[in-house]
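Enquirer: Build the 3D model from these lines:
(2 chains)
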Amino acid sequence: MSQKLADIAHSRAGDKGNTLVLSLFPLDDKDYELLVEKVTAEKVKHHLAHQLKGPITRHEIPELQALLFTCENALASGVTTSLAMDAHGKSLSYALLEMAI
Amino acid sequence: MKKKLRIGCGAGFSGDRLEPALILTQHGNLDYLVLECLAERTIALAQKRKQQDPNAGYDILLERRIEGLLPLLIQHGTRLITNMGAANPISGAKKILEIAQGLRLKIKVAVVLGDDVFHHIQGTELSLEGNRALTSYGKLISANAYLGVDTIIPALKTDADIILTGRVADPSLFLAPMVYEFGWDPENADLMGKGTVIGHLMECAGQITGGYFADPVTKPVPNMDILGHPIVEVSQDGLGLISKVEGTGGLINSQTAKEQLLYEVLDPEKYYTPDVIADFRSVRFEEVTTNQIKVSGGSGKSKPETLKVSVGYEAGWIGEGEISYAGANAVERAKLAGEIIKKRIGHHFEEFRIDYIGQSSLHGESLSYGSSPYEIRLRIAGKSNEKSMAQLVGEEVEALYTNGPAGGGGARKYLHEVIGVVSILLNRNQIQPSIQVFES
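Expert: Sure thing, here's the model as predicted:
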């Protein structure tokens, strides 16, 4: 059965100018290694290709059992000047959680 | 010298709810209440208001917040630290005194000045975002530097009841009373890092108590209609205990804390503030009891030599129009309507966008699986330097009533001025902070 990230993980989106920050955590700590293995920067870039127009850096934070993706040029010029409905990109955490794993 | 300090956060953005701050002051046994009300764009908009009226430019909700809070702050001996001064802290302080006089309360307000560095800006500075000269963006309207605890502590030393600032780094609003009350050495990067971790966890108020977190399926949060805001009890060694007032709604646990810790953090190893370059990687959370969490760990390296400056500029106008279609072929009719508008006016705009709300407006076509809803809302947006051109977007969409596909309903149009924000770095020795004290 195919699984979505949403079944095993939670995420929060944050923004700094035109940079999107997506944090990702397992709902159950035992799945952290699975996230490290499956959710690479390349996969995130591919999954959200319509939105993420710049480089993506993945930070691993094992002490917190967390991954952090810093996505540049990802918010259609940024909160104040973007024409997007969701100019902050606040809904994008749930776009990430749609990823199949 | 205090051994423990209780700080509450009653607002995490300018438009935040009013009542959590009242509940925190009344029942939180607080030493300090912080209200964080200043986003990057909020201060540029405030500068714009100040240009139109020299007595304006402080936070729009300042009067309503202070009117309710002032008697409680005096009664409970709680000091308020807030950046509601925005672009005009002096006028904000005068307004607070006016409110105090009306309530026959005697108070002292200390204002932190020096963040407004507009007169330092040449326009030739290169932005961090695009490496372009500032003037290439448009007419500059504001430049505000992020100040740190070194500028707030002199205000705390005046024994003022209220410390009112303009642009300061959000975690510094919380770190300043820790440094002041515990006598921390501001050069002790480890303690400054720990205090910054706590400040960062607290600054968004409801975002650590279950707001911007809840998902009724995977992350249920109780009683969000009465969501409480956080209190932190900090000890001298930089440990924090985060909780909320008994009886308020929400949830505090490792999950809410972890989400908030990494919120808007570009690099967990290097979180830049004017006070320290904090390292979040070693932060640990321990659930002590229900809705109470212990924060430990975190560290830092020396403070940066430069301060970030947010520069606001005039970026034109955005016009929007919306209209809905329902029933058979709703999506096809909405798409026809979108094509009509694109053909008529799309070429006039540098940036132009067509969204099908209910179908593909948030995450594009790729994640939307070609679903076919019963109803769909067309939304068109265009940005222009000409106000009249931006206005045309809504007018054209409205005209679809009689000139577009069958059954279009509920047209709405919007127009707003766009204030852009970019950043530069300024050497900290170019900033001249000062304080001014007012008494009723």
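Enquirer: ok, and the closest non-adjacent residue to the residue nearest the centre of chain A?
Expert: In chain A, the C-alpha closest to the average C-alpha coordinate belongs to residue A:22, at a distance of 3.8 Å (C-alpha atoms, centre = their mean). Once flanking residues are discounted, residue A:22 sits nearest to residue A:69: 4.5 Å by C-beta to C-beta, 6 or more residues apart in numbering or on different chains. Backbone N, C-alpha and C define where each C-beta goes, glycine included.
Enquirer: Specify the local secondary structure of the one you found.
Expert: strand (DSSP: H, G, I helix; E, B strand; the rest coil).
Enquirer: I figured it hits residue A:55, correct?
Expert: No - using C-beta atoms under 8 Å, residue A:69 is not in contact with residue A:55, being 10.7 Å away.
Enquirer: OK, contacts around residue 73?
Expert: No chain was given, so I picked chain A. By C-beta atoms under 8 Å, 6 or more residues apart in numbering or on different chains, the contact list for residue A:73 reads A:18-19, A:52-54.
Enquirer: Not quite, go with chain B.
Expert: Taking C-beta under 8 Å, 6+ apart as the test, what residue B:73 contacts is B:25, B:33, B:79-80, B:161-162.
Enquirer: Am I right that it falls within a helix?
Expert: Yes - applying three-state DSSP, one finds residue B:73 inside a helix.
Enquirer: Report the buried residues of stretch B:382-396.
Expert: B:382-384, B:389-394, B:396 (16 or more other C-beta atoms under 10 Å in any protein chain shown).
Enquirer: Can you list which of those residues are found in helices?
Expert: B:389-394, B:396 (DSSP state H).
Enquirer: Burial check on residue B:38, number of neighbours?
Expert: 27 (other C-beta atoms under 10 Å in any protein chain shown).
Enquirer: ditto for residue B:146
Expert: Residue B:146: 21 neighbours (other C-beta under 10 Å).
Enquirer: And residue B:132, by the same measure?
Expert: What residue B:132 shows, counting by other C-beta under 10 Å, is a neighbour count of 12.
Enquirer: Which of the helices or strands spans residue B:311?
Expert: strand B:306-326 (DSSP states H and E).
Enquirer: what's that strand packed up against?
Expert: helix B:40-52, strand B:140-145, helix B:330-345, strand B:375-384, helix B:387-398, strand B:409-427 (3 or more C-beta pairs under 8 Å, 6 or more residues apart in numbering or on different chains; DSSP states H and E).
Enquirer: tell me the angle the last one makes with strand B:140-145.
Expert: I take that to be strand B:409-427. On the basis of axes from the mean of the first three to the mean of the last three C-alpha atoms, to 10 degrees, strand B:409-427 is oriented at 50 degrees to strand B:140-145.
Enquirer: Packing partners of the strand or helix carrying residue B:34?
Expert: Residue B:34 belongs to strand B:32-35 when elements are defined using DSSP H and E. With contacts defined as 3+ C-beta pairs under 8 Å, 6+ apart, strand B:32-35 has these neighbours: strand B:4-11, helix B:19-27, helix B:62-76, strand B:79-82, helix B:172-182.
Enquirer: Swap in 10 Å and give it another go.
Expert: Where contact means 3 or more C-beta pairs under 10 Å, 6 or more residues apart in numbering or on different chains; DSSP states H and E, strand B:32-35 is packed against strand B:4-11, helix B:19-27, helix B:62-76, strand B:79-82, strand B:162-165, helix B:172-182, strand B:230-235.
Enquirer: and the fifth one, C-alpha only, in CSV?
Expert: Right, the one you point to is strand B:162-165. Provided in CSV are the C-alpha atoms of strand B:162-165 (Å, rounded to 0.1, in the frame of the first residue of the first chain):
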residue,chain,number,x,y,z
ILE,B,162,6.4,50.0,29.8
ILE,B,163,9.4,49.6,27.4
LEU,B,164,8.3,50.6,24.0
THR,B,165,10.5,49.9,21.0
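Enquirer: circling back to that earlier point, ok, so of the contacts of residue B:73, who is nearest chain A?
Expert: residue B:33 (24.7 Å; C-beta to the nearest C-beta).
Enquirer: Contacts only, for the closest one.
Expert: B:6-11, B:21-22, B:24-25, B:69, B:72-73, B:76, B:78-82, B:162, B:229, B:231 (C-beta atoms under 10 Å, 6 or more residues apart in numbering or on different chains).
Enquirer: What residues are bridge-paired with it?
Expert: residue B:8, residue B:80 (DSSP bridges).
Enquirer: and residue B:219, what is it in contact with?
Expert: Taking C-beta under 10 Å, 6+ apart as the test, what residue B:219 contacts is A:10, A:27, B:210, B:213, B:251, B:253, B:255-256, B:259.
Enquirer: coming back round to it: out of the buried residues of stretch B:382-396, which are close to chain A?
Expert: B:382-383 (C-beta under 10 Å from any C-beta of the partner chain).
Enquirer: pLDDT wise, what is residue 80 at?
Expert: All of this is about chain A. Per-residue pLDDT puts residue A:80 at 85.
Enquirer: Not quite, go with chain B.
Expert: The score at residue B:80 is 98. That number is its pLDDT.
Enquirer: Can you get me a residue count around it?
Expert: Residue B:80: 26 neighbours (other C-beta under 10 Å).
Enquirer: Go through the lowest-mean-pLDDT helix or strand in chain B and flag the buried ones.
Expert: In chain B, no helix or strand scores lower on mean pLDDT, DSSP states H and E than helix B:40-52, which sits at a mean of 87. Neighbour-count burial for helix B:40-52, with 16+ other C-beta under 10 Å as criterion, is recorded at B:40-50.
Enquirer: how about that helix as CSV, C-alpha atoms only?
Expert: Taking Å, rounded to 0.1, in the frame of the first residue of the first chain, the C-alpha atoms of helix B:40-52 are listed here in CSV:
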residue,chain,number,x,y,z
GLU,B,40,9.0,42.9,8.3
ARG,B,41,6.3,44.4,6.2
THR,B,42,4.4,45.8,9.2
ILE,B,43,7.0,48.4,9.9
ALA,B,44,7.2,49.5,6.3
LEU,B,45,3.4,50.0,6.3
ALA,B,46,3.7,51.9,9.6
GLN,B,47,6.3,54.2,8.0
LYS,B,48,3.9,54.9,5.2
ARG,B,49,1.2,55.9,7.7
LYS,B,50,3.7,58.1,9.5
GLN,B,51,4.5,59.9,6.2
GLN,B,52,0.8,60.7,5.9
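Enquirer: ok now that helix, how far from the chain's centre?
Expert: 14 Å (C-alpha atoms, centre = their mean, to the nearest Å).
Enquirer: Likewise for stretch B:280-290?
Expert: 25 Å.
Enquirer: and residue A:22, that's in a strand?
Expert: Yes - membership of residue A:22 in a strand is supported by three-state DSSP.
Enquirer: what pLDDT does the nearest residue to residue B:27 once chain neighbours are set aside get?
Expert: Spatial nearest neighbour of residue B:27, excluding adjacent residues (C-beta to C-beta, 6+ apart): residue B:245 at 4.7 Å. Here the pLDDT value assigned to residue B:245 is 98.
Enquirer: Residue B:245 reaches residue B:292, doesn't it?
Expert: No - using C-beta atoms under 10 Å, residue B:245 makes no contact with residue B:292, being 11.9 Å away.
Enquirer: How much space separates residue B:109 from residue B:194?
Expert: Separation of residue B:109 from residue B:194 (C-beta to C-beta, to the nearest Å): 30 Å.
Enquirer: correction: residue B:146
Expert: Residue B:146 is 20 Å from residue B:194, by C-beta to C-beta.
Enquirer: And residue B:114, by the same measure?
Expert: Residue B:114 is 26 Å from residue B:194, by C-beta to C-beta.
Enquirer: can you pull the contacts of the nearest residue to residue A:85 once chain neighbours are set aside?
Expert: Closest residue to residue A:85 apart from its sequence neighbours, by C-beta to C-beta, 6+ apart: residue B:361 at 5.1 Å. Contacts for residue B:361 (C-beta under 10 Å, 6+ apart) come out as A:84-86, B:353-355, B:368, B:376-379.
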